[in-house]
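Asks: pasting the structure only:
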Ligand code: AMP
């Protein structure tokens, strides 16, 4: 049966990607014919549904433009001001890579779209729903996928985590139980994963801190008392029985100086580790590989609260080479060319034509675009905020690499430093720590403009390669890391530094656990743990306070970069 499901899935992907143009046109026609009469669209289309008119009249928008409509719906107005189909609730986007969480209308049709993606997602942690003033529920897209009845039914076949542990609203209890049951059923586990790499890492670190307690639970067959959630306790009663042999075995495995390759040791039948490793998650790849012990890391999909976008058809390729193949039935996609003056590899002709969005089938390999989506859920020519680069085609559907989030660059003056720029500079600088036996486990940035000229602050959380000690690296090397970062940043940054328009870059080393506290803060504000993405640049005062309270050392670049 599974082989049949797999073959049917492949066939479907072939059909979809071979007929991309037709599917996109039909989808747009359908969306417009149903929604042209909404208050929002009728302003631009006057009831018409023609594609050319849509392209000419409907403006390209971002969340701020639609927010007044979405807020009106959340506050109780009828949803047909924006979309024809009745809405069943909202998705909350994580908002952690850009700013505040955003609300996205949800309709019944999302269940069908989720179906395709469902089996490609894995998540150990859920976030409870919140209610908007209208009484409609707001939930994260991952929660919605897992709550779908189809997924619920398949869960016991796919995961060692009982459904009660996945839907447990207490995240620590949920994580503890899912890991514990994963250990108890270790011989059946063929994959370890979550939606994003950062969540997988968080789970592994949690395991590093809790394995002794888990072993004692396994030995006695009794779940720890602090797990009070009744669903988790019920699930435990059918899975747990005293098993001292297994407890001793796991204790032996975990009780070692280095956790290198621990996933493979704990789950010997695992074939791969799943979790998005592209975009802002790239920085977690190295640390995750440390635990993987050679198991491949698989980034299976590219999706957002706005729309499911693409899947990775070559799951075993290196994380740095991952491209996602767009599925043309998920949304009507347009691609807005973006100019990237610093990178010659991105070819741009210099005329206005280039700035018009192009259709899915007309993108050009090697070019970068900002993604726009039009959906039956009230988003029309909506900027998702992601920049992607086309790497090729699968049949007539493009394959794209994730480049960066738009508008999350750090900047203290006219210069613009992107996520990708920061990542490159951090990668160059952290190499200096390698010979000293330190790894950079987390980083983020902050534009400190409290005194002029402003300067870049990098928060670094470090760890010794072997063991979990907290010794500090040599201050001289840290100062050198500051300089190396500056030298690795782009031309404009360096010119500004030389002219003292930007002050010396600073690295603030924070104690271990500080970034975990940062994540807890965002989760407490409503971000789903499974969707959490560490911000590349800190904008909130509270978040800054959390990072600053963990600082153990401050280092500055000694001179302008060459
Ligand atoms: P959310 O709105 O919280 O669901 O987050 C969606 C955002 O996460 C997307 O717009 C991307 O910026 C990011 N994202 C999702 N999937 C990937 C991926 N495979 N690679 C890189 N970034 C991703």
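Replies: Thanks, I have the structure now. Model, not experiment: these values are computed from the prediction.
Asks: C-alpha only now, for contacts and for neighbours.
Replies: Will do.
Asks: hmm, which helix or strand of the protein has the shakiest average pLDDT?
Replies: Within the chain, no helix or strand scores below strand 130-131, which has a mean of 56 by mean pLDDT, DSSP states H and E.
Asks: quick one: residue 305 is in a helix?
Replies: No: using DSSP: H, G, I helix; E, B strand; the rest coil, the assignment for residue 305 is coil, not a helix.
Asks: so how far is residue 104 from it?
Replies: Separation of residue 305 from residue 104 (Cα to Cα, to the nearest Å) stands at 7 Å.
Asks: distance of residue 525 from residue 84?
Replies: According to Cα to Cα, residue 525 and residue 84 sit 31 Å apart.
Asks: so which residues on this structure come close to the ligand?
Replies: 93-95, 276, 278-279, 301-305, 384, 386, 402, 405, 531 (Cα under 6 Å from any ligand atom).
Asks: can I assume residue 42 sits in a strand?
Replies: No: judged by three-state DSSP, residue 42 forms no part of a strand; its state is helix.
Asks: just the endpoints, please. Distance across stretch 431-449?
Replies: Using Cα to Cα, the end-to-end distance of stretch 431-449 comes to 28 Å.
Asks: so that it lines up with my notes, have the first residue be 5 from now on.
Replies: From this message on, residue numbering opens at 5, which makes the last subject stretch 435-453.
Asks: what comes up buried for that stretch?
Replies: If you call a residue buried by 16 or more other Cα atoms under 10 Å, then stretch 435-453 has these buried ones: 436-437, 442-452.
Asks: quick one on the thing from earlier: residue 309 and residue 108: which is more packed in?
Replies: Comparing residue 309 with residue 108 by other Cα atoms under 10 Å, the one with more neighbours is residue 108, at 26 against 20.
Asks: what pLDDT does the more buried one get?
Replies: Listed pLDDT for residue 108 reads 87.
Asks: circling back: so of the buried residues of stretch 435-453, which two are at opposite extremes in space?
Replies: With Cα to Cα as the measure, no two of these lie farther apart than 442 and 452, at 26.4 Å.
Asks: looking at strand pairing, list the partners for the closest residue to residue 540 other than its chain neighbours.
Replies: In this structure, residue 540 finds its nearest non-sequential neighbour in residue 448, 5.1 Å apart by Cα to Cα, 6 or more residues apart in numbering. When bridges are taken as DSSP bridges, the partners of residue 448 come out as residue 463.
Asks: hey, which strand is longest across the chain?
Replies: Secondary structure of the chain per DSSP state E: the longest strand is strand 386-398.
Asks: which residues sit against that strand?
Replies: Contacts to strand 386-398, defined as Cα atoms under 8 Å, 6 or more residues apart in numbering, come from residues 21-22, 64-67, 310, 327, 329, 342, 367-378, 402-411.
Asks: okay, and residue 340 sits in which element?
Replies: Using DSSP states H and E, residue 340 maps to strand 336-341.
Asks: now do that strand against strand 386-398, angle only.
Replies: 90 degrees (axes from the mean of the first three to the mean of the last three Cα atoms, to 10 degrees).
Asks: strand 336-341 pairs with which strands, parallel or anti?
Replies: strand 362-363 (antiparallel), strand 372-378 (antiparallel).
Asks: now render those strands as CSV, adding distance to residue 263 and mean neighbour count.
Replies: Converted to CSV, these look like this (distance: least, Cα to Cα, whole Å; neighbours: other Cα atoms under 10 Å):
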stretch, distance to residue 263, mean neighbour count
strand 362-363, 47, 17
strand 372-378, 39, 24
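Asks: mind giving me CSV with the ones you listed and columns for mean pLDDT and distance to residue 497?
Replies: Output for these, formatted as CSV (pLDDT from 0 to 100; distance: least, Cα to Cα, whole Å):
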stretch, mean pLDDT, distance to residue 497
strand 362-363, 98, 32
strand 372-378, 97, 22
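Asks: sec struct for residue 269, please.
Replies: Per three-state DSSP, residue 269 ends up helix.
Asks: what's around the closest residue to it other than its chain neighbours, how many residues?
Replies: The shortest distance from residue 269 to any non-neighbouring residue, by Cα to Cα, 6+ apart, is to residue 257 (6.9 Å). Neighbourhood size, residue 257 [other Cα under 10 Å]: 13.
Asks: now do the strand holding residue 340: everything it contacts.
Replies: So strand 336-341 is contacted by 28-29, 31-32, 358-364, 367, 371-379, 385 (Cα under 8 Å, 6+ apart).
Asks: picking up where we left off before, any idea which element the residue nearest to residue 269 lies in?
Replies: Per DSSP H and E, the secondary structure element for residue 257 is helix 248-258.
Asks: for burial, what's the neighbour tally of residue 209?
Replies: 13.
Asks: could you do residue 527 as well?
Replies: By other Cα under 10 Å, the residues close to residue 527 number 19.
Asks: now, of the residues of the chain next to the ligand, which are buried?
Replies: Buried by 16+ other Cα under 10 Å: 97-99, 280, 282-283, 305-306, 308-309, 388, 390, 406, 409, 535, out of these.
Asks: pLDDT weak spots in the stretch 255-404 of the chain?
Replies: Residue ranges of the stretch 255-404 of the chain with pLDDT under 70: 344-358.
Asks: oops, could you answer that again for the chain instead?
Replies: In the chain, residues with pLDDT under 70: 5-7, 98-105, 115-116, 119-155, 344-358, 411-412, 471-474.
Asks: by residue count, which helix of it is the longest?
Replies: Secondary structure of the chain per DSSP state H: the longest helix is helix 201-224.
Asks: can you give me every residue that contacts residue 449?
Replies: By Cα under 8 Å, 6+ apart, the neighbours of residue 449 are 414, 460, 461, 462, 463, 540, 541, 542.
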